[in-house]
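K.L.:
model the structure of this input:
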Amino acid sequence: MKKQAKEVKEFKGLQTHPRERRYFSEEFRKARAKEWDDGAYTVKEISRMYQVSEAAVYIWLEKFSLKYQKKIIKVKMHYYFHVKKI
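P.N.:
Alright, predicted model coming up:
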């Protein structure tokens, strides 16, 4: 398999490189979840420090945090049937 050269795009004088997929170890993700649990950093701060999306941080919290609970909305529905006698 040939390695493709990284494409460099120029946009108004700025050079950008295509982003490579990164892998974060389980220990790293657990450590970030613990930092959030301890109140050291917010999701936004972790996201900015490690240049990952906030969605990725929330996924880490769902898997590894002891305090994070995904919001669950319970909906109660009542069905009323009216029977009409003929």
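
K.L.:
hey, C-alpha coordinates of stretch 40-47 in PDB?
P.N.:
Backbone C-alpha positions of stretch 40-47 (Å, rounded to 0.1, in the frame of the first residue of the first chain) are rendered in PDB as follows:
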ATOM      1  CA  ALA A  40     -10.800  20.600  38.200                       C
ATOM      2  CA  TYR A  41     -12.000  21.300  34.700                       C
ATOM      3  CA  THR A  42     -15.300  21.700  32.800                       C
ATOM      4  CA  VAL A  43     -16.100  19.800  29.600                       C
ATOM      5  CA  LYS A  44     -15.400  22.900  27.600                       C
ATOM      6  CA  GLU A  45     -12.000  23.300  29.200                       C
ATOM      7  CA  ILE A  46     -11.000  19.600  28.600                       C
ATOM      8  CA  SER A  47     -12.200  19.900  25.000                       C
END
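
K.L.:
residues making contact with it?
P.N.:
For stretch 40-47, contacts defined as CB atoms under 8 Å, 6 or more residues apart in numbering pick out Arg32, Glu35, Trp36, Met49, Val52, Ser53, Glu54, Ala56, Val57, Tyr58, Leu61. Any C-beta I mention is one placed from the backbone N, CA and C, and that applies to glycine too.

K.L.:
in that stretch, what counts as buried?
P.N.:
Buried residues in stretch 40-47, counted by 16 or more other CB atoms under 10 Å: Val43, Ile46, Ser47.

K.L.:
out of these, which are inside helices?
P.N.:
Val43, Ile46, Ser47 (DSSP state H).

K.L.:
would JSON lines of the buried residues of stretch 40-47 with pLDDT and distance to Lys67 be doable?
P.N.:
Below are the buried residues of stretch 40-47 laid out as JSON lines (pLDDT from 0 to 100; distance: CB to CB, whole Å):
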{"residue": "Val43", "pLDDT": "95", "distance to Lys67": "13"}
{"residue": "Ile46", "pLDDT": "96", "distance to Lys67": "14"}
{"residue": "Ser47", "pLDDT": "95", "distance to Lys67": "18"}
